[in-house]
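> got a structure for you, letters missing:
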């Protein structure tokens, strides 16, 4: 997510780094480039304006003039301003002191309220041990109630609705939650345009009736300049407490949603990141900011790694790796652990300094399975010492794993190169901080989509 | 392990795994590209509900047609309302040009297209020797309309008397199902017989939603099992239309993000299946939400590459969003906007009219 924006910044900063001194016209040019990058990411025009003004002011001020590396200083300013714009601490739902906690989801048609309602219910039940009740108060769209019922059934959460009016349904839902002893009520409302006064009035009445602890605006990540207006009008009618950003798994740049935060101060609490009901997570603005700036999302990565990896074993493997004793067996072990961290593409997105060819490569985890199969078809001795694999062994491995001898060969060849590469990467002393790792000789860069080189971590 | 080590460690493995598997993935992708026969997987996506609202509104007295478009968009020209006023009695200076640009950007026109339009307006202004800023909106309007008019045929193709299929495609939540209902109403009014193909077999209750519409306007729905093969539903529907002598099959597909390769493959399969009845596939309509920003261009590009989009339906134009991204879509991809959705009733789907759209845009 937000890859395109990250790439733009990467390019701008890279050009900037090659400059020693900065003339006012250089600053002007950088400002123009940043402006275009932000606008193409759908950041609101007015937010961009004030952002650029702040950067320009600081970049031409004393702060930069007196520093040793002006270009570096400008990069720092831009980064700081971006982090302030997008940043802030991760928001949380307000839980009622006396249950049930009432959550209302509102938004335009098609922003993803019904799906978000079910996903949120699943998240709260699954991660926080809550007992949720879904309330279908969208009586407008044909079969919306049915949709929520089906989703509720899938995640094992009861769904309440009645064929009256949205206000009565919402009230009835809260009563039902009290009766069933559910401690969170999630109310899905009908989609409405912010210019539709009648429907906005209805939303106000729903909220007046149930006094929600959290009123969340559901915003499509692909929304353009309109997002700010939408948030403002919904905010005028209802006391909003946060934003749910949906459809973040596309190539949307989400700038509009981030502008919402800047303009209204509403925190983005959750993000929908996939088709499945599990694809819903808490949103960390600060981590997102660092991702956009190409600094990776190291915190999430560490969190995931801590869960997935066995620390002791990993340390041992790492030691062997540094000594150049890393075998296919170790690789298999660690690969299996890494799989627990989620799809490879999402891990790559979190790594700092990844070249964009890798980030944008279409990564198919199924291929890892085939690699696994090939290694599994080797004997332990072969895994430790691949050099003993001769023609007949190769054929056996290929047959055993359902691949061809060419594929086995390719794997062995690549492993050998990777082995060398990893050896050099994991030697802390020899790794220059700015040094860029080159691909091992013989590796065809074309096969990697023109990958220029892998930066050292 | 301390944190730095963790990062280094994980990075190394991710890299290693990637480097080992990537060439294979790439070659596989090549292969897949080569044999275009790749089958459609049965996964589909859903992150949002397509829009539909019940018939609650009494149609305006304006009557159908372009006049109506202006009236409907008119009530929501928010960012533009001030433009003419702001430019009144002002010199044609940089500030006026900035104002004009900001207006375009706020309408989601996008930086590149806005710059192109402004260049055009500048030429026109120079040619006319314009010195006052209040002449700018008219020039801008002419420029936009001029650009839109280059993009040809906006009529929907249908030959009565044999099955014609129109496929509706788009990302999640843009209003495909509602648009299907509106299109059906429109074609019924023109004396054509219509059949729905509920090829959204993924989203919970999507077929039910279409069925409710079908019952309301008297159109039969061909549906499959939830989670079933959407291609099969489309095929059955076209066959049924042939057998029953129905003119138009509206194929409602599941919303899918244009970045999901397997889902785009599934879409290709649906269109191939429809094409098995020679000449049946007449329109592939990309449904686009007017609130969409610059991502709309990426959507159009990917859908066009996958299934040869023949036109765009711009929905939800009755909000205050302008849908300015269609300007870029037309100029870059040459895909014409054919219809716009301007309201919640099943009659609020009108022909796209460049001049009216330009007028509404500029305000």
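Received it, and whenever you're ready, just let me know what you need. These numbers were taken from a predicted model, which means no experiment stands behind them.

> Show me where the chain dips below the pLDDT cut-off.
Looking at chain A here, since you left the chain open. In the predicted model of chain A, residues A:1-2, A:62-68, A:87, A:294-299, A:311, A:318, A:321-322, A:352-365, A:422-457 satisfy pLDDT under 70.

> My question was about chain B, not that one.
Residues of chain B meeting the criterion pLDDT under 70: B:1-82.

> where exactly do the strands run in the stretch 251-400 of chain A?
A:268-272, A:280-282 (DSSP state E, counting those that start in this stretch).

> what's the distance between the last one and the middle of its chain?
Counting by CA atoms, centre = their mean, to the nearest Å, strand A:280-282 is centred 9 Å from the centre of its parent chain.

> next one: stretch A:263-276
On CA atoms, centre = their mean, the centre of stretch A:263-276 falls 11 Å from that of its chain.

> wait, does it contact chain B?
Yes - judged by CB under 8 Å from any CB of the partner chain, stretch A:263-276 comes into contact with chain B at A:272, A:274, A:275. Quick note: C-beta positions are derived from backbone N, CA and C, even for glycine.

> quick one: which of those is most hemmed in?
residue A:272 (27 neighbours; other CB atoms under 10 Å in any protein chain shown).

> residues touching the closest residue to that one other than its chain neighbours, list them.
Distance criterion CB to CB, 6 or more residues apart in numbering or on different chains; nearest residue to residue A:272, sequence neighbours excluded, is residue A:246 at 4.0 Å. Going by CB atoms under 8 Å, 6 or more residues apart in numbering or on different chains, residue A:246 touches A:111, A:112, A:115, A:116, A:218, A:219, A:220, A:221, A:271, A:272, B:47, B:48.

> is it true that the second one touches residue A:249?
No - in this structure, residue A:112 is not within contact of residue A:249 by CB atoms under 8 Å, at 11.5 Å.

> Which of the residues of stretch A:263-276 next to chain B sits closest to chain B?
Of all the residues of stretch A:263-276 next to chain B, residue A:275 has the smallest distance to chain B: 3.6 Å, by CB to the nearest CB.

> Phi and psi next, for that closest one.
phi -80, psi -30 (degrees, to the nearest 10).

> and if you look at the one 3 residues further on?
Here is the backbone geometry of residue A:278 (degrees, to the nearest 10): phi -80, psi -10.

> Surely it and residue A:118 touch.
No - counting by CB under 8 Å, residue A:278 does not reach residue A:118; the two are 10.9 Å apart.

> More neighbours: which of these two?
More neighbours surround residue A:118 than the other of residue A:278 and residue A:118, with 27 against 13 (other CB under 10 Å).

> in its sheet, what does the longest strand along chain B sit against?
Counting residues, the longest strand found in chain B (DSSP state E) is strand B:281-289. The partner list of strand B:281-289 in its sheet, established with DSSP bridges, is strand B:164-169 (parallel), strand B:311-315 (parallel).

> got a list of contacts for the last one?
This means strand B:311-315. B:51, B:154, B:156, B:168, B:174-175, B:178-179, B:283-290, B:300, B:323, B:326, B:329, B:335-341, B:349, B:352.

> again, but for stretch A:232-239
A:104, A:106-107, A:194-195, A:200-201, A:203-204, A:207, A:215, A:217, A:240, A:263-264, A:266.

> any idea which helix or strand comes after the longest strand of chain B?
Per DSSP states H and E, the first helix or strand lying C-terminal to strand B:281-289 is helix B:295-307.

> how about the helices of the stretch 51-200 of chain B, start to end?
Assigned by DSSP state H, counting those that start in this stretch, the helices in the stretch 51-200 of chain B fall at B:66-74, B:78-87, B:94-106, B:111-128, B:136-149, B:176-189.

> do you know which of these lies nearest residue A:73?
Evaluated with CB to CB, the helices of the stretch 51-200 of chain B place helix B:111-128 nearest to residue A:73, the distance being 26.9 Å.

> which residues are in contact with the closest one?
A:36, A:39-40, B:92, B:97, B:100-101, B:104-105, B:109, B:130, B:135-136, B:139-140, B:142-144, B:146-147, B:324, B:327-328, B:331.

> Derive a ChimeraX selection command for the buried subset of these.
The following ChimeraX line selects those of those that are buried, judged by 16 or more other CB atoms under 10 Å in any protein chain shown:
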select /A:36,39,40 /B:92,97,100,101,104,105,109,130,135,136,139,140,142,143,144,147,324,327,328,331
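
> Could you find the closest non-adjacent residue to the closest residue to chain A within the stretch 251-363 of chain B?
At 2.6 Å from chain A, residue B:293 is the closest residue in the stretch 251-363 of chain B, using CB to the nearest CB. Spatial nearest neighbour of residue B:293, excluding adjacent residues (CB to CB, 6+ apart): residue A:224 at 2.6 Å.

> what's that neighbour sitting at in phi/psi?
phi -90, psi -140.

> residues in contact with it?
A:42, A:256, B:108, B:291, B:292, B:293, B:294, B:295, B:296, B:321, B:324, B:325.

> Any idea how many residues pack against residue A:18?
A count of neighbours around residue A:18, defined by other CB under 10 Å, yields 7.

> Please report the distance of it from residue B:92.
Plainly put, residue A:18 is 39 Å away from residue B:92 if you go by CB to CB, to the nearest Å.

> swap in residue B:118?
According to CB to CB, residue B:118 and residue B:92 sit 13 Å apart.
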